[in-house]
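Enquirer: below are the sequence and a predicted model for it; my questions follow.
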Amino acid sequence: QVQLVESGGGLVQAGGSLRLSCAASGRASRSYAMGWFRQTPGKEREFVATISHAGGRLRYTDSVKGRFTISRDNAKNSLYLQMNSLKPEDTAIYYCAADPTWPFTVSSADYWGQGTQVTVSA
């Protein structure tokens, strides 16, 4: 098993940047593909970006391509999401997730963090 804790959310103006972090504990993070998902009130949780076990394969949802970068440091058991050129529509709770299988989706992910709020003001 792995436990996931997100940090780095907050309030930022449109066009600004934030860096989310996810700390994994328990089983080593290199055993899992990892990713970021987000959810707004009344909507389904949606895929943002995922990264394979060693970091060699990446996937992004179209709306964040060129603005967000997912990365991981397995030596630190950590996952990151660098978010640039933020837009109000990026406002959501962002969740870190992990799964033994690559690729994985919101419905197949085995482990979830508690989430961190990101709010982008216009």
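Expert: On my side now, so go ahead.

Enquirer: wait, a strand at residue 81?
Expert: Yes - Residue 81 sits within a strand when classified using DSSP: H, G, I helix; E, B strand; the rest coil.

Enquirer: ok, it touching residue 67?
Expert: No - counting by CB atoms under 8 Å, residue 81 stays clear of residue 67, with 10.7 Å between them. Bear in mind the C-beta positions are built from the backbone N, C-alpha and C, glycine included.

Enquirer: with neighbour numbers in mind, choose between these two.
Expert: The residue with the greater number of neighbours, taking residue 81 and residue 67 and applying other CB atoms under 10 Å, is residue 81; the counts read 26 against 15.

Enquirer: so who does the more buried one touch?
Expert: With contacts defined as CB atoms under 8 Å, 6 or more residues apart in numbering, the neighbours of residue 81 are 19, 20, 36, 48, 49, 68, 69, 70, 94.

Enquirer: in strands only, show me these.
Expert: Per DSSP state E, strands hold the following members of these: 19, 20, 36, 48, 49, 68, 69, 70, 94.

Enquirer: from the residues you listed, list just the buried residues.
Expert: Applying a neighbour-count criterion of 16 or more other CB atoms under 10 Å, the buried members of these are 20, 36, 48, 49, 68, 70, 94.

Enquirer: the third one and residue 105: what is the separation?
Expert: Residue 48 sits 12 Å away from residue 105, going by CB to CB, to the nearest Å.

Enquirer: any idea how far the residue positioned nearest the centre of the chain lies from residue 6?
Expert: For the chain, the residue whose C-alpha lies nearest the mean C-alpha position (CA atoms, centre = their mean) is residue 36; its distance is 2.2 Å. The gap separating residue 36 from residue 6 is 9 Å, by CB to CB.

Enquirer: intersection of neighbour lists for those two?
Expert: Shared contacts of residue 36 and residue 6, defined by CB under 8 Å, 6+ apart, comprise 20, 22, 94, 95, 96.

Enquirer: got these as a markdown table, with distance to residue 76 columns?
Expert: As requested, the shared contacts of residue 36 and residue 6 are arranged in a markdown table below (distance: CB to CB, whole Å):
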| residue | distance to residue 76 |
| --- | --- |
| 20 | 15 |
| 22 | 11 |
| 94 | 19 |
| 95 | 20 |
| 96 | 14 |
